[in-house]
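**Student:** Quick one, structure for this:
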Amino acid sequence: MPGGAGRESAGGTLRIPCPNGHVLKTNRSRLGQQVVCPTCNEFFVLEEAASLEYKEEAARRRAREDEERAQKWLWRAIYSAIFIVLSFIVMAVIGSNPQWFR
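**Tutor:** The predicted model follows:
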């Protein structure tokens, strides 16, 4: 089914890596519990902040914020360039016709 994995993650299943990087799938109801990795027998606590879903969402949020910040700076640069060009035009007009300002 298309999009099934996304719905499963949103519904309560998280992928949380153990300290050695082995990924375990778990339900949200088990968050805060200490578990043992079945691959390496390492004990660790299931935390939402350590889940791959949490990290992916945080990366998407940062990328969106960076994009918005870049757009703001782009518009500031455009406005500044327009102001500078208009200033040069005004200076050229004043320089070529000084009698207008006497």
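**Student:** what residue lies at the spatial centre of the chain?
**Tutor:** residue 62 (1.7 Å; Cα atoms, centre = their mean).
**Student:** That residue and residue 90, how far apart?
**Tutor:** For residue 62, the distance to residue 90 equals 42 Å [Cβ to Cβ, to the nearest Å]. All C-beta spots, glycine's among them, are computed from the backbone N, C-alpha and C.
**Student:** and what of residue 75?
**Tutor:** With Cβ to Cβ as the criterion, residue 75 and residue 90 are 23 Å apart.
**Student:** With residue 51 instead?
**Tutor:** Applying Cβ to Cβ to residue 51 and residue 90 gives a distance of 58 Å.
**Student:** Surely residue 24 is within a strand?
**Tutor:** Yes - the assignment for residue 24 is a strand, going by DSSP: H, G, I helix; E, B strand; the rest coil.
**Student:** What is the burial count for residue 16?
**Tutor:** Residue 16 sits with 24 neighbouring residues when counted by other Cβ atoms under 10 Å.
**Student:** do residue 14 as well
**Tutor:** Here the number of neighbours of residue 14 (other Cβ under 10 Å) works out to 22.
**Student:** what helix or strand is it on?
**Tutor:** If you go by DSSP states H and E, residue 14 is part of strand 13-17.
**Student:** and if you look at residue 56?
**Tutor:** helix 52-96.
**Student:** Now do stretch 72-79: distance to the chain's middle.
**Tutor:** Taking Cα atoms, centre = their mean, to the nearest Å, the mean C-alpha location of stretch 72-79 is offset from the chain mean by 20 Å.
**Student:** buried sites along that stretch?
**Tutor:** Within stretch 72-79, no residue is scored as buried using 16 or more other Cβ atoms under 10 Å.
**Student:** Please report the distance of the residue nearest to the centre of the chain from residue 56.
**Tutor:** Computed with Cβ to Cβ, the distance linking residue 62 and residue 56 is 11 Å.
**Student:** rewinding a little: check which helices and strands the helix holding residue 56 is in contact with.
**Tutor:** Using 3 or more Cβ pairs under 8 Å, 6 or more residues apart in numbering; DSSP states H and E, the elements in contact with helix 52-96 are strand 13-17.
**Student:** The strand it packs on pairs with which strands, and in what direction?
**Tutor:** Strand pairing for strand 13-17, determined by DSSP bridges: strand 23-27 (antiparallel).
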